[in-house]
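Colleague: Give me a 3D structure for the following:
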Amino acid sequence: MARSGITKREVQAARLALLKAGHHPSIDAIRIHLGNTGSKSTISRLVKEIEDEEGGGGGQAPRTTVSEQLQTLVNNLAARLELESQERFDVLKEGHAAELKRLTEARDKALAESQASMRQAEARQVEAADAKAAALRVQGELNALRLEHAQTTGQLTTQVTALQEQLAAAKAHAAELGKQHEHAHQALEHFRAASKEQRDREARQHEQQLQYLQREVATATEALASKQGELRTALQEKVDALGLLTAARAERRQLDEQLRGLKTAGERLAVQNQLVDDLRAHVLQAVQQYETLQSRAEALERRNGELERLLAAAEAAAQTQADVVKGVLERIGQPPANKSKGKAASTG
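Modeller: So this is what the prediction gives:
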């Protein structure tokens, strides 16, 4: 909604703004710049007065007093000061808004990265915990296998020792049987030698004794064959025990390889823990960057407040200067007719 009237100072400020923007300060352009406020006749009259004061109007300009020229100069300076202050404030305000937007976006981005890093760190911690639990489980299985291997090795060692003792006993028994066979053979030879002298007289007795000795030899031979079979069985059991021992050694090598694999898994776990520490350091750095951006945003807010205070001080200084000039004009005795003329011009 348009206001009821406009002042000469407002028309002069609009005219200066159009000239500074490179536009022609026509009546319609000035009225549009003022927000379609004021009648065209009032704007035209005020523009003519401004042009007359600046020496740009047609015909001879009316003579003015020093106080009127000083008043006009003060009005022009006040209008220009207000316009330049407003433009500078707008530029600073736009720059501050752009900087604040950029810092806000940077803060949001840093916060998102920090949250992503924290989620990744939590995932790494879960993986590390799983790997640690798996390592503990495998270590327990390895300890159980080691205990079982130790028990199996002890049992095999005991069996091998018993078999070796049985083999030694079988060898000793076989040696004893050999000695008995040799003694029997020597006795037989001796009997044959003696029987040649007593063949006729002890033929039947010799025959009986020979059959007896042959049976004894057959029995000893069968016993020797049985012991040799037992020896072969003991040797086969020894071979089987050696096979079991070889299998146990292979199993032990496999367990050693698993242990080396567990050591490698432990090294990978240490690398993952280092990665978790690096992610924590990255999160701390992101938090520090966020705090730095927050401090900078607060500094910009304080700077904006200082600029607003400076603008208010400039406006207050301009108003004070205008009041001082007004007081000077009143002290030098400005004619009443000129005052009434100024009032008429200000009401439009």
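
Colleague: in which helix or strand would I find residue 130?
Modeller: helix 66-197 (DSSP states H and E).

Colleague: tell me which strands and helices that helix is in contact with?
Modeller: Applying 3 or more CB pairs under 8 Å, 6 or more residues apart in numbering; DSSP states H and E, one finds that helix 66-197 makes contact with helix 8-20, helix 199-331, helix 336-347. C-betas here are computed from N, CA, C, even on glycine.

Colleague: Just checking the distance from it to the centre of its chain.
Modeller: 19 Å (CA atoms, centre = their mean, to the nearest Å).

Colleague: Can you check what angle separates that helix from helix 8-20?
Modeller: For helix 66-197 against helix 8-20, the angle between stretch directions is 60 degrees (axes from the mean of the first three to the mean of the last three CA atoms, to 10 degrees).

Colleague: pLDDT on helix 66-197, on average?
Modeller: Average pLDDT, helix 66-197: 82.

Colleague: Next: stretch 323-336.
Modeller: The average pLDDT within stretch 323-336 is 74.

Colleague: How about stretch 39-56?
Modeller: Per-residue scores along stretch 39-56 average to 83.

Colleague: go on, stretch 13-21?
Modeller: 88.

Colleague: ok, and for it, which residues are buried?
Modeller: 13-18 (16 or more other CB atoms under 10 Å).

Colleague: Sort out which one of the residues you listed lies nearest residue 204 for me.
Modeller: residue 17 (165.7 Å; CB to CB).

Colleague: ok, the closest one touching residue 32?
Modeller: No: the criterion here is CB atoms under 8 Å, and residue 17 misses it with residue 32 at 11.5 Å.

Colleague: just the helices and strands packed on helix 66-197: most buried one?
Modeller: Ranked by average neighbour count under the criterion mean count of other CB atoms under 10 Å, the helices and strands packed on helix 66-197 are headed by helix 8-20 at a mean of 20.

Colleague: helices and strands around that helix, which ones?
Modeller: Helices and strands touching helix 8-20, by 3+ CB pairs under 8 Å, 6+ apart, are helix 27-33, helix 40-54, helix 66-197, helix 336-347.

Colleague: hey, C-alpha coordinates of it in PDB?
Modeller: What follows is helix 8-20, C-alpha atoms only, in PDB (Å, rounded to 0.1, in the frame of the first residue of the first chain):
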ATOM      1  CA  LYS A   8      12.600  15.500  -1.100                       C
ATOM      2  CA  ARG A   9      15.300  13.500   0.500                       C
ATOM      3  CA  GLU A  10      13.700  10.200  -0.600                       C
ATOM      4  CA  VAL A  11      13.300  11.400  -4.200                       C
ATOM      5  CA  GLN A  12      17.000  12.600  -4.200                       C
ATOM      6  CA  ALA A  13      18.100   9.200  -2.800                       C
ATOM      7  CA  ALA A  14      16.100   7.300  -5.500                       C
ATOM      8  CA  ARG A  15      17.500   9.600  -8.200                       C
ATOM      9  CA  LEU A  16      21.100   9.000  -7.100                       C
ATOM     10  CA  ALA A  17      20.500   5.300  -6.900                       C
ATOM     11  CA  LEU A  18      19.200   5.200 -10.500                       C
ATOM     12  CA  LEU A  19      22.100   7.300 -11.800                       C
ATOM     13  CA  LYS A  20      24.600   5.100 -10.000                       C
END
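
Colleague: relative to helix 40-54, how tilted is that helix?
Modeller: Using the same axes, to 10 degrees: helix 8-20 against helix 40-54 is 80 degrees.

Colleague: on that earlier part again, tabulate the helices and strands packed on helix 66-197 in JSON lines, adding columns for distance to residue 193.
Modeller: Formatted as JSON lines, the helices and strands packed on helix 66-197 follow (distance: least, CB to CB, whole Å):
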{"stretch": "helix 8-20", "distance to residue 193": "159"}
{"stretch": "helix 199-331", "distance to residue 193": "11"}
{"stretch": "helix 336-347", "distance to residue 193": "175"}
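
Colleague: Residue 74 is nearest to which of those?
Modeller: Taking CB to CB, helix 199-331 is the member of the helices and strands packed on helix 66-197 nearest to residue 74, at 4.7 Å.

Colleague: so what does the closest one touch, helix or strand wise?
Modeller: Counting by 3+ CB pairs under 8 Å, 6+ apart, helix 199-331 packs on helix 66-197.

Colleague: Now do the helix it packs on and helix 199-331, the angle between them.
Modeller: Taking the same axes, to 10 degrees, one finds helix 66-197 and helix 199-331 inclined to each other by 180 degrees.
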